[in-house]
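> Have a look; sequence and predicted model below, questions after that.
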Amino acid sequence: MVADGIYYALGLAAGGAVVSYLTWPAAGAPLFLLAAFCLYFFRDPEREAPAGRVAVSPADGKVVAIAAEGAQRTRVSIFLNIFDVHVNRTPIGGRIAAVEYQKGKFLAANRETASVQNEQNVVTVEGEDGVVVVFKQIAGLIARRIVFWKKVGDRVRTGERVGLIKFGSRLDVVLGPEWEIAVSQGERVKAGSSVLARRKD
């Protein structure tokens, strides 16, 4: 459980208790239901990263696009709805080489233009062998807050927790030509455990 979920749930439950006390018991039910949803939304299950030279999914959700990104790179886009786990994980192990926050719009995260136009946090991870993978935490129509817990220079393991995006979002992973894509459009993936790509060499 992410701590934010506990704080939200406690606040909403307290509000529900006050409303129920001042009016009638059933009046606080909507706030109690929202409190329960917050506990569900901010769940953080344990995941085990697969062995081998792989790039894992940074998010739970549905693969909505696999497209060329520049001359030799491929972008895999994952859309998260409000029922998906929203804790984000790093696709590969290594060092956080760069973190760049970009202001932008709040278009629906399942739209292709969201990859370019929406507010986002672009993270570059450099693997132990020098290979670089970029992933982008992208805000959506409802999601307005991107959280990233690491800083430049931090070392991370494959599938390690690195942040979250609150209430619906999109994650893009940009992979170079040294990777063979292992997922297809429309497939559902899980953060930290689903293999997005495998090294070719």
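Received it, and whenever you're ready, just let me know what you need.
> just checking, E187 touches K62?
Yes: with contacts counted by CB atoms under 8 Å, E187 reaches K62, the gap being 7.3 Å. Any C-beta I mention is one placed from the backbone N, CA and C, and that applies to glycine too.
> Looking at the two, which one has more neighbours?
K62 (17 against 14; other CB atoms under 10 Å).
> Test my guess that that one contacts V183.
No: K62 is not in contact with V183 according to CB under 8 Å; the separation is 10.3 Å.
> list the residues that contact both of the two?
V189 (CB atoms under 8 Å, 6 or more residues apart in numbering).
> residues contacting R73?
For R73, the residues meeting the contact criterion (CB under 8 Å, 6+ apart) are V174, L175, G176, P177.
> who's in contact with the second one?
Taking CB under 8 Å, 6+ apart as the contact definition, L175 lies against A55, R73, T74, R75, V76, V133, I181, L196, A197.
> Quick check: mean pLDDT of the strand or helix carrying the third one?
T74 belongs to strand 73-80 when elements are defined using DSSP states H and E. Strand 73-80 carries an average pLDDT of 94.
> cool, stretch 23-32 as well?
Mean predicted lDDT for stretch 23-32 stands at 82.
> So which bits of it are buried?
For stretch 23-32, a neighbour-count test (16 or more other CB atoms under 10 Å) marks G28, L31, F32 as buried.
> I'd say the first one and V19 touch.
Translated: G28. Yes: assessed by CB under 8 Å, G28 is found in contact with V19 at 4.2 Å.
> Pop the domain breakdown of the protein in here.
3-41, 54-199 (automatic domain parsing).
> Quick one: end-to-end distance for the longest one.
This means domain 54-199. End-to-end distance of domain 54-199 (CA to CA, to the nearest Å): 6 Å.
> In helices only, show me the buried residues of stretch 23-32.
Using DSSP state H, L31, F32 are the members of the buried residues of stretch 23-32 that sit in helices.
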